[in-house]
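Chemist: quick one: sequence and predicted model below, then my questions.
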Amino acid sequence: MHLDHDVTYPHRHTHSAAPLRTDGTRRALRIGLGGPVGSGKTATVAALCRALRADLSMAVVTNDIYTREDAEFLLREAVLPPERISAVETGACPHTAIRDDISANLEAVEELEETVGPLDLILVESGGDNLTATFSRGLVDAQIFVIDVAGGDDIPRKGGPGVTTADLLVVNKTDLAPYVGSDLERMARDAAEQRGDLPVAFQSLRGAEGVAPVAGWVRERLAAWAVR
């Protein structure tokens, strides 16, 4: 089937959770990370923890369908103390637990705030999903969507809610571009056409700059959150 018209996507759970707790104190900023399987979400979470943990009080919630594999990776890497890493086993398609029925993730987030808080930042990592993955605004305050060059340089052009609406699009594994035939300039043009003024970060965790562009964006969101 060929589409010769603009595609619009339904908005789900667009209400935001209140920034203040019942006692009047500000809760942690919640940032969701989504993207296809193998795009580098967990590696990005680990790198962000290493880059930010000295200055911020933070925690992580991971999502896997039937395992705790992503959480176990973060624990092995010792990116945060064990009590700051929580795992949700969704038992269904990952986007269900981050967009449709967010109760398990909300419980994990709130428990972390109660047990190890006060926190500045909570990262919520989705299980591997496709280009339709989006987070409920009742769960997170901002969303990062991670794709990688090995998945094909046509991904930004294909769009989908994850690519077009995420607060930050991360094009990961740029160091692989010469080996998989991906054109980074083309990806940048297509991403700009799909996203307008929304930012895009190109990232190689093996490069000298590493996660710095994404960490800088997170710090900007935290600064804005503090005065919201």
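Modeler: That came through, no problem.

Chemist: ok, Glu193 to Ser182 distance?
Modeler: 17 Å (CB to CB, to the nearest Å). In short, each C-beta sits where N, CA and C put it, glycine included.

Chemist: next: Pro156.
Modeler: 11 Å.

Chemist: which one's more surrounded, the two?
Modeler: Between Pro156 and Ser182, counted using other CB atoms under 10 Å, Pro156 has the larger neighbour count: 24 against 21.

Chemist: all helices of the chain, in order?
Modeler: 41-52, 69-77, 94-95, 103-116, 155-158, 161-165, 177-180, 184-195, 212-226 (DSSP state H).

Chemist: what's the closest of the ones you listed to Gly128?
Modeler: Smallest distance to Gly128 across these (CB to CB): 6.6 Å, for helix 94-95.

Chemist: pLDDT below threshold where in the chain?
Modeler: Along the chain, the parts satisfying pLDDT under 70 run over 1-17, 20-24, 66.

Chemist: center of it - which residue?
Modeler: Among the residues of the chain, the one closest to the centroid is Leu33, at 1.2 Å (CA atoms, centre = their mean).

Chemist: look up how far Gly152 lies from that one.
Modeler: Distance, Leu33 to Gly152, using CB to CB: 20 Å.

Chemist: Asp129 now?
Modeler: Distance from Asp129 to Gly152, by CB to CB: 16 Å.

Chemist: same thing with Glu185?
Modeler: To Gly152, Glu185 is 15 Å away according to CB to CB.

Chemist: looking at those two, which one has more neighbours?
Modeler: Neighbours were counted for Glu185 and for Gly152 using other CB under 10 Å; Gly152 has more, 15 against 9.

Chemist: residues touching the residue nearest to the centre of the chain, list them.
Modeler: Applying CB atoms under 8 Å, 6 or more residues apart in numbering to Leu33 gives the contacts 41, 44-45, 123-126, 143-146.

Chemist: what of Asp167?
Modeler: Neighbouring residues of Asp167 by CB under 8 Å, 6+ apart: 142-144, 198-199, 221.

Chemist: of those, buried ones?
Modeler: For the contacts of Asp167, a burial check counting by 16 or more other CB atoms under 10 Å picks out 142-144, 221.
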